[in-house]
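Asker: Structure for this input, please:
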Amino acid sequence: MIDVRRLRLLRELDRRGTVTAVAEALAFTASAVSQQLGVLEREAGVPLLERSGRRVVLTPAGRALVAHADAVLERLELAVSELAGAREGIGGPLRIGTFPSGGPAIVPAALAELARRHPALEPMVQEIDSARVSDGLRAGELDVALVHDYDFVPASPDTAVDQVPLLEEPVYLATGGATDSAPATGPAARGDTLAELLGPWAASPWITARSGTTGHAMAVRACQAAGFQPRIRHQVNDFRTVLALAAIGQGAGFVPEMATAHAPEGVVLTRLPLFRRSKVAFRAGGGTHPAIAAFVAAARTAVGGLCLRSHACKSG
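Answerer: I've put the predicted structure just below:
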């Protein structure tokens with residue numbers, strides 16, 4: 001009989017690439033992971049792993065078993081969700097991941113809604129880059145998370161994670177309007193292309209998110225699509241800092257609409273034909289879990305209350 005816990009280790013090895021990375025993610029020692037994978041091979045009766053230099057790679061039989069592992073673990077999530085639904089009320093801890101700009105814009109309103117509807121629920125929030133969410137969900141560090149992807153940086157497919165849409169918002173070019181070298185900018189007109197809108201800033205310094213993040217990849221690829229390689233001066237993940245630096249002429253940067261609510265004086269915002277899509281992610285099979293479903297509903301309520309530039313907002 002194949003042990004489900006060892007199946008999880010094999011799946012993580014397939015995703016993370018090294019025994020050391022699996023051990024670090026799941027709080028094991030590398031020797032313990034190797035030992036358990038060896039036991040799994042004996043249970044399977046065929047070789048699942050082979051050496052490739054210093055790395056361990058999956059054999060065809062190992063990759064086939066990973067596909068079954070996804071299905072087995074999804075069924076377990078469905079079973080856990082069904083059992084949770086049989087209990088009265090929704091309570092206990094709920095580990096929530098969020099990308100930085102989702103923290104102030106969505107999370108407080110969502111938690112307030114959860115507290116009103118499900119006071120026994122104990123939400124615990126941690127900030128995490130969207131690129132790391134799948135790892136956190138599979139490892140059990142998170143139960144649910146706000147994630148996003150951009151045009152030019154689609155989310156990497158992961159059969160172990162399900163997502164539901166939450167919000168699509170345009171991205172803006174943030175620049176300073178007080179410098180002699182600043183080209184004239186304004187709201188994007190119909191027919192404007194990235195090359196037309198970004199081209200005047202090709203020789204300017206740029207402000208991007210840190211390397212390795214989806215925001216950094218989006219900025220570089222958008223500039224490349226406009227015909228130039230950005231000369232990056234600043235790397236910061238906080239959009240408020242991006243706006244502040246742009247306002248004083250320190251460079252051009254990209255900010256999603258959600259981050260423009262409190263733009264400082266002096267910054268010029270130009271709407272681009274570029275979008276960010278926010279979603280709620282959870283382990284495959286977990287969408288019917290009462291706590292996760294409650295968070296999805298609360299997040300949608302919070303998004304419905306946002307006042308964005310591209311939507312009519314209620315006054316008063």
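Asker: Please make it C-alpha for all contacts and neighbour counts, starting now.
Answerer: OK.
Asker: can you tell me which helix or strand residue 206 belongs to?
Answerer: Using DSSP states H and E, residue 206 falls within strand 205-208.
Asker: Would you give the sheet partners of that strand, along with the direction of each?
Answerer: Using DSSP bridges, strand 205-208 pairs in its sheet with strand 231-235 (parallel), strand 252-256 (parallel).
Asker: Would you tell me which one of those is buried the most?
Answerer: The highest average neighbour count among the strands paired with strand 205-208, using mean count of other Cα atoms under 10 Å, belongs to strand 252-256 at a mean of 26.
Asker: picking that back up, what comes into contact with the strand holding residue 206?
Answerer: 215-216, 219, 230-237, 242, 246, 250-254 (Cα atoms under 8 Å, 6 or more residues apart in numbering).
Asker: just checking, next helix/strand downstream of it?
Answerer: Note on strand 205-208: by DSSP H and E, the next helix or strand toward the C-terminus is helix 214-225.
Asker: any chance you could map the helices in the chain?
Answerer: Secondary structure of the chain (DSSP state H): helices at 4-16, 19-26, 30-44, 60-86, 102-105, 107-117, 133-138, 194-198, 214-225, 239-247, 290-304.
Asker: quick check: angle from the longest one to helix 30-44?
Answerer: Helix 60-86 and helix 30-44 meet at an angle of 100 degrees, taking axes from the mean of the first three to the mean of the last three Cα atoms, to 10 degrees as the criterion.
Asker: still on that earlier bit, now do the buried residues in the strand holding residue 206.
Answerer: Under the neighbour-count criterion of 16 or more other Cα atoms under 10 Å, strand 205-208 has 205, 206, 207, 208 buried.
Asker: would you turn those into JSON lines with pLDDT?
Answerer: JSON lines is the format used below for the buried residues of strand 205-208 (pLDDT from 0 to 100):
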{"residue": "205", "pLDDT": "97"}
{"residue": "206", "pLDDT": "98"}
{"residue": "207", "pLDDT": "98"}
{"residue": "208", "pLDDT": "97"}
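Asker: For these, name the two members farthest from one another.
Answerer: Greatest spatial distance among these (Cα to Cα): 205 and 208, at 10.0 Å.
Asker: pLDDT below threshold where in the chain?
Answerer: The chain contains residues with pLDDT under 70 at 177-191, 307-316.
Asker: how much space between residue 5 and residue 198?
Answerer: Look at residue 5 and residue 198: by Cα to Cα, to the nearest Å, they are 50 Å apart.
Asker: More neighbours: which of these two?
Answerer: Remark: of residue 5 and residue 198, residue 198 carries more neighbours, 20 against 12, as counted by other Cα atoms under 10 Å.
Asker: Nearest spatial neighbour of that one, chain-adjacent residues omitted?
Answerer: Of all residues not flanking residue 198 in the chain, residue 226 sits nearest, at 6.5 Å (Cα to Cα, 6 or more residues apart in numbering).
Asker: I'd like to know which of the strands paired with strand 205-208 lies nearest to residue 25.
Answerer: Residue 25 lies closest to strand 231-235 among the strands paired with strand 205-208, at 26.7 Å (Cα to Cα).
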